[in-house]
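A.B. asks: Using only what follows, build the 3D model:
(chains A and B)
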Protein chains: 2
Amino acid sequence: MTDFAATKSMFHLPEGVIYLDGNSLGPLPKAAPARVAEMLTDQWGEMLITGWNRGGWMQMPMALGDRIGRLIGAEPGHVTVGDTLSIKVYQALAAALMLRPERKVILSDNGNFPSDLYMASGLVKLLGAGYELRVVDPEAVAGAITEEVAAMMLTEVDYRTGRKHDMAALTAKAHAAGALAVWDLAHSAGALPVDLAGAGADFAMGCTYKFLNGGPGAPAFIYVSPRHAGKAVPALSGWLGHESPFAFDLDYRPGAGIERMRVGTPPVVQMTALAAALDIWDQVDMQALRARCIALSDLFIAEVETACPDLRLASPRDGALRGSQVSFRFDQGYAAMQALISRGVIGDFRAPDIMRFGITPLYLDDDDIRAAARIIVEVMTARAYERPEFQVRWAVT
Amino acid sequence: MTDFAATKSMFHLPEGVIYLDGNSLGPLPKAAPARVAEMLTDQWGEMLITGWNRGGWMQMPMALGDRIGRLIGAEPGHVTVGDTLSIKVYQALAAALMLRPERKVILSDNGNFPSDLYMASGLVKLLGAGYELRVVDPEAVAGAITEEVAAMMLTEVDYRTGRKHDMAALTAKAHAAGALAVWDLAHSAGALPVDLAGAGADFAMGCTYKFLNGGPGAPAFIYVSPRHAGKAVPALSGWLGHESPFAFDLDYRPGAGIERMRVGTPPVVQMTALAAALDIWDQVDMQALRARCIALSDLFIAEVETACPDLRLASPRDGALRGSQVSFRFDQGYAAMQALISRGVIGDFRAPDIMRFGITPLYLDDDDIRAAARIIVEVMTARAYERPEFQVRWAVT
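C.D. replies: Numbering: from 1, shown residues only, chains lettered A, B, ... in the order given. Coordinates of the predicted model:
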């Protein structure tokens, strides 16, 4: 069981703020500043170069990977941390294509996060010679898995609506057609239970600054199934993925298993902040988190929907089909979100008309959800979003 | 002019240590812990998602890029920070190959850092179809620049010996043959004056955790010449390199100039530590640094060489041909370096027999150099390296 009052107490949440944007950037674990300060002062400052061994820096990508692996149903020793999610998408796709050399199609959907599509299109353009990124509607993916497809690449949970793909079913369908399944867990890791091994996923990757609360610019992670880890050819063949990085051989020989997906020098300072966040996650049961997330989300929908007829639910109504967020469509959603932020309810906006609210049980409880809903109802009822100061656009990430 | 006593006072150097490994990992700027703590607590903690705008996080890659750009002779607005050096090598090479589609050879040398060669070989393997990485001896590069070569990729300063390539001459030779010049500045940035614009370099990249003192895992940087920045096709086409990342278009359109070399979410915590280091660099004149580096290096060579006949100078004797390090060959170099480290003189070892000493005027003065030389002479004279505890190998990074 998980004590969510205890986990809530482990985060710093600013006075007067109800934070419903943990799906974009998680809040600060209270332990992170001291952990990072210790790393800077006692490790970097005092150990200097020897920190790579004495500080355990070199082992962090695998150690952190396993702690994340527990949350996503990965086999131990098959997740590593580093780079950004876009880079990890590229690594997974390139490796998948090389495992299916006779096929040339990457299949994805238009609900995928654009960067995943951009990385795939960059790869396809580089490869030339008939390679193709094929993008269909999310509902059309199952029907589009043909024997031309080398890799099906999907984000499990839609970043806009929270709509959840059926990972096990689509992976099975991909395998039946001889294709590989590559899953982006950006809105899954720390959001809901994931069972990569059970679903038979081939590759997966995700970021750690959203639900995992690793901090701005926290590194990504990548999973390669044990079926492929020893034969996946790394396109981004960096020295830390070499079998023996410090031999400084001129020829590349891939490291054992997932280690070959390491590339360059890992971001020790970012990883230290992430480690502080994972200390909290180590105490969390993902089934308990999921049950509470659905209860809080259902409460939020009920409180908002009945009182705000202008807000149309964009997320699936059935909690089982939804990630850890609730989205509403509203033509003036940008201004409405600005009005909410000015009143301390922080969610975000995604073009053209989606207001997103992350529902994160680790640091949100019933009272927060009711209080946030009350302010949303006030803003909508008073049409506060019509005030000119909320119309001015600035980039929200 | 640069006040090197002042810059030295800005670094934390452990009691009893003379640090001659700034070519591998620079020491901690004293201001870094407070800067990072402020970023974590006041920005991440209080601003949360709004830190991307209010904290200036999104602009950091370009702002830091320009501060590094001054040190390497880049035109303003043509350097951006992010990812790791290996990733930036891949980006530069892929873009260079696409600018010379009728050519298939990447030329490099066996003095290059292995990861650069590994990344090139990964790219070549992915492209297939006649693409080739051709690796020659450093002295043979000039003669190997043929009209088959799409990109000449070299590390300016050899990581083992400090031998310096002639960037301007080799770039001119590459251009005369219609090839592009891609320069790795890992051991140049912050080590010596670099004039990318003057030399006509096409692409360059480097890391910031060595001479620039950005901290373990600090991000890399990449430069693209203004001649190519607007037409280089990014193979790693991530969302933050998109013309309009927050439009969330399904199609990739490269951003303006160097911005297209951005990939994923930048490492804000690492960049904050790097910013503290660059505050020191902003006060440094590179010509003054270079003069002092050569003087200190010459002093070091003189003090060590005469008293230690077993150590054979591996670096060029002429300071103008040398980077910011001095290396000696010694069969028992590994054990000798361990013996030195146990006495507080930290350098490092590179197989098979190279003892490396970084000479970094930012925080080393004449007294440090003389004291280090004295301890080296003691260790060599007493054959302290023969003691069994120094024979046990552990990975030195």
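A.B. asks: And the helices in the stretch 101-250 of chain A?
C.D. replies: A:114-127, A:141-144, A:167-176, A:196-199 (DSSP state H, counting those that start in this stretch).
A.B. asks: And the residue nearest the centre of chain A?
C.D. replies: Geometric centre of chain A, nearest residue: residue A:186, 1.6 Å, by CA atoms, centre = their mean.
A.B. asks: which residues does that one contact?
C.D. replies: The contact partners of residue A:186, taken as CB atoms under 8 Å, 6 or more residues apart in numbering or on different chains, are A:85, A:113, A:155, A:157, A:159, A:206, A:207, A:210. No exception for glycine: its C-beta is placed from N, CA and C like everyone else's.
A.B. asks: The closest residue to residue A:211 other than its chain neighbours and residue B:97, how far apart?
C.D. replies: Counting by CB to CB, 6 or more residues apart in numbering or on different chains, residue A:211 lies nearest to residue A:190, which is 3.3 Å off, once chain neighbours are set aside. Residue A:190 is 39 Å from residue B:97, where distance means CB to CB, to the nearest Å.
A.B. asks: more neighbours, these two?
C.D. replies: For residue A:190 versus residue B:97, neighbours defined as other CB atoms under 10 Å in any protein chain shown are more numerous around residue A:190 (31 against 24).
A.B. asks: Most proximal residue of the stretch 1-150 of chain A with respect to chain B?
C.D. replies: When scored by CB to the nearest CB, the stretch 1-150 of chain A has residue A:84 as its residue closest to chain B, at 2.7 Å.
A.B. asks: In three-state terms, label the closest residue to that residue other than its chain neighbours for me.
C.D. replies: When the adjacent residues along the chain are set aside, residue A:84 lies closest to residue B:264, with 2.7 Å between them (CB to CB, 6+ apart). Here residue B:264 takes the coil state, with states given by DSSP: H, G, I helix; E, B strand; the rest coil.
A.B. asks: Let me know whether residue B:264 touches residue A:115 as I believe.
C.D. replies: Yes: with contact defined as CB atoms under 8 Å, residue B:264 reaches residue A:115; the gap is 6.8 Å.
A.B. asks: joint contacts of the two?
C.D. replies: Both residue B:264 and residue A:115 are contacted by A:85, A:86, B:238, B:239, B:240, under the criterion CB under 8 Å, 6+ apart.
A.B. asks: Let's see the pLDDT reported for the fourth one.
C.D. replies: pLDDT recorded at residue B:239 is 96.
A.B. asks: That one: what's it in contact with?
C.D. replies: With contact set as CB under 8 Å, 6+ apart, residue B:239 has these partners: A:86, A:113, A:114, A:115, A:118, B:245, B:264.
A.B. asks: which residues in the stretch 101-250 of chain A form strands?
C.D. replies: A:105-109, A:132-136, A:149-155, A:180-184, A:203-207, A:220-224 (DSSP state E, counting those that start in this stretch).
A.B. asks: Make TSV out of those strands and add distance to chain B, mean pLDDT and mean neighbour count.
C.D. replies: TSV is the format used below for the strands of the stretch 101-250 of chain A (distance: least, CB to the nearest CB, whole Å; pLDDT from 0 to 100; neighbours: other CB atoms under 10 Å in any protein chain shown):
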stretch	distance to chain B	mean pLDDT	mean neighbour count
strand A:105-109	10	98	25
strand A:132-136	7	98	18
strand A:149-155	13	98	25
strand A:180-184	12	98	27
strand A:203-207	7	98	29
strand A:220-224	7	98	29
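A.B. asks: now the ones you listed as a markdown table including distance to residue A:10?
C.D. replies: Listed next are the strands of the stretch 101-250 of chain A as a markdown table, based on distance: least, CB to CB, whole Å:
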| stretch | distance to residue A:10 |
| --- | --- |
| strand A:105-109 | 36 |
| strand A:132-136 | 40 |
| strand A:149-155 | 28 |
| strand A:180-184 | 27 |
| strand A:203-207 | 21 |
| strand A:220-224 | 22 |
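A.B. asks: any weak-confidence spans in chain A?
C.D. replies: Within chain A, the ranges that satisfy pLDDT under 70 run A:393-397.
A.B. asks: Please repeat the previous calculation with a cut-off of 80.
C.D. replies: A:1, A:392-397 (pLDDT under 80).
A.B. asks: top helix in chain A by residue count?
C.D. replies: If you go by DSSP state H, chain A has its longest helix at helix A:286-307.
A.B. asks: Contacts for whichever helix or strand comes after that one, please.
C.D. replies: Moving toward the C-terminus from helix A:286-307, the next helix or strand (DSSP states H and E) is strand A:312-313. Strand A:312-313 is contacted from outside by A:301, A:305, A:326, A:327, A:328, A:329, A:330, using CB under 8 Å, 6+ apart.
A.B. asks: do stretch A:33-42 as well
C.D. replies: With CB under 8 Å, 6+ apart as the criterion, stretch A:33-42 contacts A:55, A:268-269, A:272-273, A:275-276, B:12, B:28, B:32-33, B:36-37, B:40-41, B:45, B:215, B:269, B:273.
A.B. asks: just to revisit the earlier point, okay if I get the shared contacts of residue B:264 and residue A:115 as a markdown table plus distance to residue B:356?
C.D. replies: Formatted as a markdown table, these follow (distance: CB to CB, whole Å):
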| residue | distance to residue B:356 |
| --- | --- |
| A:85 | 35 |
| A:86 | 34 |
| B:238 | 35 |
| B:239 | 39 |
| B:240 | 36 |
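A.B. asks: And those, which is closest to residue A:292?
C.D. replies: Distance to residue A:292 across the shared contacts of residue B:264 and residue A:115 (CB to CB) is lowest for residue A:85, with 26.1 Å.
A.B. asks: how near is residue A:58 to residue B:316?
C.D. replies: Per CB to CB, residue A:58 is found 32 Å from residue B:316.
A.B. asks: For these two, indicate the residue with more neighbours.
C.D. replies: The neighbour comparison of residue A:58 against residue B:316 (other CB under 10 Å) goes to residue A:58, with 20 against 17.
A.B. asks: which SS state does that one fall under?
C.D. replies: helix.
A.B. asks: residue of the stretch 251-397 of chain A with the smallest distance to chain B?
C.D. replies: Among the residues of the stretch 251-397 of chain A, residue A:264 lies closest to chain B, at 2.7 Å counting by CB to the nearest CB.
A.B. asks: if we can go back for a sec, between the contacts of residue A:186, which is nearest residue A:138?
C.D. replies: Closest to residue A:138, out of all of these and judged by CB to CB, is residue A:155, at 9.6 Å.
A.B. asks: Does that closest one touch residue A:114 like I think?
C.D. replies: No: Residue A:155 lies out of contact with residue A:114 (CB under 8 Å); the separation is 10.3 Å.
A.B. asks: Domains in chain A, by residue range?
C.D. replies: As given by automatic domain parsing, the domain ranges for chain A are A:4-29+A:285-390, A:32-281.
A.B. asks: Can you tell me which of these is packed in deepest?
C.D. replies: Highest mean neighbour count among those (mean count of other CB atoms under 10 Å in any protein chain shown): domain A:32-281, with a mean of 22.
A.B. asks: Give me the spatial nearest neighbour of residue A:237, chain neighbours excluded.
C.D. replies: The shortest distance from residue A:237 to any non-neighbouring residue, by CB to CB, 6+ apart, is to residue B:122 (3.5 Å).
A.B. asks: same check, this time on residue A:305
C.D. replies: residue A:313 is the one closest to residue A:305 (CB to CB, 6+ apart), at 6.3 Å.
A.B. asks: List the beta-bridge partners for the one you found.
C.D. replies: With DSSP bridges as the criterion, residue A:313 is bridged to residue A:328.
A.B. asks: Now do the contacts for residue A:272.
C.D. replies: Contacts of residue A:272 (CB under 8 Å, 6+ apart): A:35, A:36, A:39.
A.B. asks: and of the domains of chain A, who's closest to residue B:288?
C.D. replies: domain A:32-281 (25.2 Å).
A.B. asks: Can you get me the centre-to-centre distance for the closest one and its chain?
C.D. replies: From the chain centre to the centre of domain A:32-281 is a distance of 10 Å (CA atoms, centre = their mean, to the nearest Å).
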